[in-house]
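Trainee: Everything below, folded, please.
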Amino acid sequence: MAWRGGRLLLVAVVLLLATSRAAVEADQVDTIQDIFRHLRTCWRPPSPARARPLDITVLVSFNRAGNILGHPRITYESAEASDNDRLQYRIAVMEALQRCTPVPFTDAMAGAAAGRPFAIQFRSRKTSPEKTSPPTQERRA
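Mentor: Residues are numbered from 1 along each chain as shown. Sure, this is the predicted structure:
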């Protein structure tokens with residue numbers, strides 16, 4: 001009977017380790033698209049009461065450990081943004097980067113991403129629906 005209980009405990013420990021390892025692997029960043037997805041999970045745009053929605057892009061690089069390398073640089077902001085809008089969104093971008101770093105790179109991705117610049121777009125504006133042109137009628141010659 002004691003062996004049976006020990007065997008059950010061993011199986012439980014193995015299952016627990018396998019489950020926790022799978023969870024860690026699922027959270028790891030293994031592709032370039034994973035980098036963008038990971039950083040967007042930390043994005044919290046300012047409330048509309050504090051700033052009008054705008055789109056903003058930041059250029060950022062990481063080291064092998066997933067920490068920010070150098071200083072992130074804002075490369076694009078919506079043209080109609082006021083100074084207050086820009087300030088609020090720049091703060092939100094920096095807070096998102098702080099929340100999401102270090103990026104949990106896999107070993108392979110750490111080597112591929114280290115030192116490379118990534119342009120991360122954060123969008124909060126609703127895109128306008130595409131304007132449809134009226135159907136054209138064919139004319140016979």
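
Trainee: Nearest spatial neighbour of P104, chain-adjacent residues omitted?
Mentor: The shortest distance from P104 to any residue other than its chain neighbours is 4.9 Å, reached at Q28 (Cβ to Cβ, 6 or more residues apart in numbering). (Glycine included, C-beta is placed from N, CA and C.)

Trainee: State the distance from the residue nearest the centre of the chain to S61.
Mentor: Residue closest to the average C-alpha location in the chain (Cα atoms, centre = their mean): L39, at 2.1 Å. Distance, L39 to S61, using Cβ to Cβ, to the nearest Å: 13 Å.

Trainee: same thing with G111?
Mentor: G111 is 14 Å from S61, by Cβ to Cβ.

Trainee: ranges for the strands of the chain?
Mentor: Secondary structure of the chain (DSSP state E): strands located at 55-62, 68-77, 117-123.

Trainee: Please look at the residue nearest to the centre of the chain and A96 and confirm they touch.
Mentor: Yes. Counting by Cβ atoms under 8 Å, A96 is a contact partner of L39 at 6.6 Å.

Trainee: Adding distance to R90, mean pLDDT and mean neighbour count, write the strands of the chain out as JSON lines.
Mentor: Below are the strands of the chain laid out as JSON lines (distance: least, Cβ to Cβ, whole Å; pLDDT from 0 to 100; neighbours: other Cβ atoms under 10 Å):
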{"stretch": "strand 55-62", "distance to R90": "7", "mean pLDDT": "97", "mean neighbour count": "19"}
{"stretch": "strand 68-77", "distance to R90": "6", "mean pLDDT": "96", "mean neighbour count": "14"}
{"stretch": "strand 117-123", "distance to R90": "10", "mean pLDDT": "95", "mean neighbour count": "15"}
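
Trainee: among those strands, which is nearest T101?
Mentor: Of all the strands of the chain, it is strand 68-77 that lies closest to T101, at 5.6 Å by Cβ to Cβ.
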